[in-house]
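> Pasting a predicted model and its sequence here:
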Amino acid sequence: MSHGKGPPPEERIRAREQRVIDGRDITPAVGTRGEPGDWRRAAEGAEVRGFRRRFEDAGWSFLYRTGGSRYAAARAADGDGDAGVSAAARAMRGGRDVPVEVKGPVIRPNVWTWEVPVYFWFGGTASGAAFAALACEAAGDARSARVARMVAIGAAGCGGPLLIMDLGRPERFLHMFRIFKPRSPMSLGAWCLLAFSNTGGAAVAADLLGRRRTARALSAATAVFGLYLGSYTGVLLASTAVPAWARSRRFLGPIFMCTATASGAAATRLALAATGTPAGVQPTRDGLAAVEAIAMAAELALSALNDRGLGIAGRALESGRPGRLLKAARALNATGLAARLAARGRGGVAADNAPSVLFLAAALLYRLGWVAAGRPSALDHEAVATLGRAGSP
Amino acid sequence: MSAAPTEIAVHRYDGGAPERLGFFTDTTLCIGCKSCEVACKQWNDLPADGYDVRRGRSFDHTGALSAATWRHVHFVEVPPEAVPTPHEAQAALGAGAGGNLPRIPAAGTIGAARADLDLVALAASGALPEAEIDRWLFASDVCKHCTNAGCLDACPTGALIRTEFETVIVQPDVCNGCGYCVTACPFGVVDRDPYDGRAAKCTLCYDRLQDGMEPACAKACPTDSIQFGPYDELVERAKGRVVELPERGIATAYLYGAGDEGADQLAGGLGAFFLLTEPPERFGLPAHADSPIQENAPVATAAGLAAGVAAAATAVVSMLVAHRRSGGRGRGRARGWRR
């Protein structure tokens, strides 16, 4: 998580102002963080002096007098006033243009640090590797499927700790599993990661025990969880008030799915290369090369499509650090595609593996760029206000 | 919008149901005294934000709601419609028109004291004070306790709950600081404390409500700009105020967050709503808002899952094609797949 630098302000104030004058401690009370005050009565059950039950202490003012106050009009009950009231609101809140200078901040920027995009990348790679395992099984390459399953569980295993590290209270990560909340993409994602890790881990265990049939069934289940694990990270970003993310709601899931599939296939390909390439494995490596190229090409197409509909919300994606990251990702992606086309059927080991490395790096940069865009986009007051004027995105 | 009828109905107590409680903040009464900020900090034992004066151009030193600031009085200095730029002022002076320099309060006195002073050069250098303020607006901002609360929808741990008063609170003993509610709030209210690690926001003084007392800020407000009470009563009075104000010379008064119908509603209706006389953007409020989760998650999830199915299918098909192309894999397939 992003910790504040140095001691919190109230500590500095306490240290600076700590004084005793005439025997009286006049250190200012500057509060505690994180929870509402913990007040206790001096005498249990005693009532506060002057307070009247049922919130009647809120009605002391002359404003609430029914007859004598000029504060509010006594309105007819026929509802004529209601139409006027909603029309007044529509006059001031309607219209597509922001009529005045926006006094920001309207929304708060996200508080996530580097762990989150890197987790997104690992989670995506795990999901893509689960698809690769499924594909290898379908093609009958059991050995490659085993490697792919190991890649999947390895990536998921790297992602989990990152997810915990980013929490403000990492020791409470199990609270994620207090409830199952289909409404919340983060709750679903946490459960999905848990299920994915369990089935993926069990599949690897079944492989090690030589239980082929069990491993295949578990592999299929892992791939089903992978459908959500690979895409939910995009859904999670899209389900926020941040303009650049919310405006991309139709494409962010698919875009993340594309890079997830590509990075999973690329990681599996590289793992296959690292574990030696027996004669039967080459078609699998060709298949994975096709998968990663198709997925990355689809990513480029979807991104271009998405950029066209962003309007003012797209500013955050084009400039600054997120702009540089996404540009670099796109460049790596294009280079990888070109290198794959160039290396078709010839070239050595390096030429064969370089595109996979490029795709993996591009996928990471895409994740970093998309998450980095959250902060400038949330602080782009004009974009937030314009999105608000446009109503529902 | 896509807002569901909300889970409020689910959370209502049976029988002797306490009604919905809320705030009505009437900004036409606000004098910018910040009593509400102080009362909130004191009652809720919230830490100080430090003495840094960061916003030299405004009296709004609080800046925004945060994990340690649950009430924030907006100070909005509205400039006159047309503020002359130094360049325009110079051009006007050059044309012998006298320019708009009298708009600058200090200019007259400086000019009288020193006849040789080059006001134009001073204005161009930016050394003179800013042009005068046309209107000075105050509005005490707070958590809106939305009907469709984005933070509540986002929270994966169930730390954010709807109380029996139909307010929204964070349970500090449950929150694990994932930070999702921060981005899911369309009003920029919830924040994760950088030192504490948990999310925090206005509780509408849940502890006081349980004792039948009004929240600290409403109690402290000296002009009743912050009014507290049963929601329906508040809305009724607020509508009366909107009807009343045009007759008193304020034509642009409207309610932000209550009294709207259907798609005009803000997040299904705000438990803490406002009477404003300026466009909402003046106070950093969006013109339209709803729970981002309810608006975006269904369509985004559908798109993502569809893409997932397509990706898995592509992976399988590409692999089968590659194996068929290489030839002689029929034997392998039979061995691997059908056994």
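Good, I have the coordinates. Residues are numbered from 1 along each chain as shown, chains lettered A, B, ... in the order given.
> Would you mind measuring from residue A:26 to chain B?
For residue A:26, the distance to chain B (Cβ to the nearest Cβ, to the nearest Å) stands at 15 Å. Every C-beta, even on glycine, is put in place using the N, C-alpha and C of the backbone.
> Can you list the low-confidence ranges for the stretch 151-300 of chain B?
For the stretch 151-300 of chain B, no stretch is flagged by pLDDT under 70.
> Sketch out the helices for chain B, chain order is fine.
B:8-11, B:35-44, B:86-94, B:107-113, B:119-125, B:150-154, B:180-184, B:206-210, B:216-220, B:231-247, B:292-326, B:330-337 (DSSP state H).
> Now the closest residue to residue B:264 other than its chain neighbours: phi and psi?
Spatial nearest neighbour of residue B:264, excluding adjacent residues (Cβ to Cβ, 6 or more residues apart in numbering or on different chains): residue A:90 at 6.2 Å. Dihedral angles of residue A:90 (phi, psi; degrees, to the nearest 10) stand at phi -70, psi -40.
> Tell me which of the helices of chain B sits most buried.
Greatest average neighbour count among the helices of chain B goes to helix B:180-184 (a mean of 30), per mean count of other Cβ atoms under 10 Å in any protein chain shown.
> Distance to residue A:214 for the helices of chain B - can I get that in TSV?
Shown next, in TSV, are the helices of chain B (distance: least, Cβ to Cβ, whole Å):
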stretch	distance to residue A:214
helix B:8-11	41
helix B:35-44	55
helix B:86-94	79
helix B:107-113	86
helix B:119-125	80
helix B:150-154	37
helix B:180-184	36
helix B:206-210	51
helix B:216-220	61
helix B:231-247	57
helix B:292-326	20
helix B:330-337	15
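> And those: which comes nearest residue A:365?
Nearest to residue A:365 among those is helix B:292-326 (19.7 Å), distances taken as Cβ to Cβ.
> And the pLDDT at the residue nearest to residue B:264?
For residue A:90, the pLDDT comes out at 91.
> Name the nearest residue to the closest residue to chain B within chain A, sequence neighbours excluded.
The nearest approach of chain A to chain B comes at residue A:168, 2.0 Å away (Cβ to the nearest Cβ). Excluding the flanking residues, the one nearest residue A:168 by Cβ to Cβ, 6+ apart is residue B:177, at 2.0 Å.
> In contact with the one you found, which residues?
By Cβ atoms under 8 Å, 6 or more residues apart in numbering or on different chains, residue B:177 lies in contact with A:1, A:167-169, A:172, B:192, B:197-199.
> if we take those, which one ends up nearest to residue A:334?
residue A:1 (35.1 Å).
> Check whether residue A:96 really touches residue A:389, as I assumed.
Yes - under the contact definition of Cβ atoms under 8 Å, residue A:96 touches residue A:389, with a separation of 5.5 Å.
> And those two? Which one has more around it.
The neighbour comparison of residue A:96 against residue A:389 (other Cβ atoms under 10 Å in any protein chain shown) goes to residue A:389, with 20 against 9.
> which non-adjacent residue is nearest the more buried one?
residue B:287 is the one closest to residue A:389 (Cβ to Cβ, 6+ apart), at 4.8 Å.
> tell me the mean pLDDT over the helix or strand hosting residue A:336?
Taking DSSP states H and E as the criterion, residue A:336 maps to helix A:320-342. When pLDDT is averaged along helix A:320-342, the result is 94.
> does that helix come close to chain B?
No - contact between helix A:320-342 and chain B is absent, the nearest approach being 13.0 Å (criterion: Cβ under 8 Å from any Cβ of the partner chain).
> With just CA atoms, put that helix into PDB.
Output in PDB follows, covering the C-alpha atoms of helix A:320-342 (Å, rounded to 0.1, in the frame of the first residue of the first chain):
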ATOM      1  CA  GLY A 320       2.200  11.700 -19.100                       C
ATOM      2  CA  ARG A 321       3.400   8.400 -17.600                       C
ATOM      3  CA  PRO A 322       0.400   6.400 -18.600                       C
ATOM      4  CA  GLY A 323       0.700   7.700 -22.200                       C
ATOM      5  CA  ARG A 324       4.400   6.700 -22.300                       C
ATOM      6  CA  LEU A 325       3.700   3.300 -20.900                       C
ATOM      7  CA  LEU A 326       0.800   2.600 -23.300                       C
ATOM      8  CA  LYS A 327       2.800   3.800 -26.200                       C
ATOM      9  CA  ALA A 328       5.800   1.600 -25.300                       C
ATOM     10  CA  ALA A 329       3.400  -1.300 -24.900                       C
ATOM     11  CA  ARG A 330       1.900  -0.700 -28.300                       C
ATOM     12  CA  ALA A 331       5.400  -0.400 -29.800                       C
ATOM     13  CA  LEU A 332       6.500  -3.700 -28.200                       C
ATOM     14  CA  ASN A 333       3.300  -5.300 -29.300                       C
ATOM     15  CA  ALA A 334       3.800  -4.200 -32.900                       C
ATOM     16  CA  THR A 335       7.400  -5.200 -32.900                       C
ATOM     17  CA  GLY A 336       6.500  -8.600 -31.600                       C
ATOM     18  CA  LEU A 337       3.900  -9.100 -34.300                       C
ATOM     19  CA  ALA A 338       6.400  -8.000 -37.000                       C
ATOM     20  CA  ALA A 339       9.100 -10.300 -35.600                       C
ATOM     21  CA  ARG A 340       6.700 -13.200 -35.500                       C
ATOM     22  CA  LEU A 341       5.800 -12.700 -39.200                       C
ATOM     23  CA  ALA A 342       9.500 -12.300 -40.100                       C
END
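> For burial, what's the neighbour tally of the closest residue to residue B:157 other than its chain neighbours?
Leaving aside its sequence neighbours, residue B:157 sits nearest to residue A:175 (Cβ to Cβ, 6+ apart; 4.2 Å). Neighbourhood size, residue A:175 [other Cβ under 10 Å]: 21.
> Kindly confirm my reading that residue A:175 is in a helix.
Yes - assessed by DSSP: H, G, I helix; E, B strand; the rest coil, residue A:175 belongs to a helix.
> Now do the contacts for it.
Residue A:175 neighbours (Cβ under 8 Å, 6+ apart): B:157, B:159, B:174-176.
> Just send those residues back as JSON lines, with neighbour count and distance to residue B:206 too.
As requested, those are exported to JSON lines (neighbours: other Cβ atoms under 10 Å in any protein chain shown; distance: Cβ to Cβ, whole Å):
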{"residue": "B:157", "neighbour count": "26", "distance to residue B:206": "18"}
{"residue": "B:159", "neighbour count": "25", "distance to residue B:206": "14"}
{"residue": "B:174", "neighbour count": "18", "distance to residue B:206": "14"}
{"residue": "B:175", "neighbour count": "27", "distance to residue B:206": "15"}
{"residue": "B:176", "neighbour count": "24", "distance to residue B:206": "20"}
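> Who are the contact partners of the residue nearest to residue A:389?
Contacts of residue B:287 (Cβ under 8 Å, 6+ apart): A:93-94, A:98, A:385, A:388-389, B:279-281.
> cool, residue A:106 as well?
Per Cβ under 8 Å, 6+ apart, neighbours of residue A:106: A:381, A:384-385, A:388, B:187-188, B:281, B:284-286.
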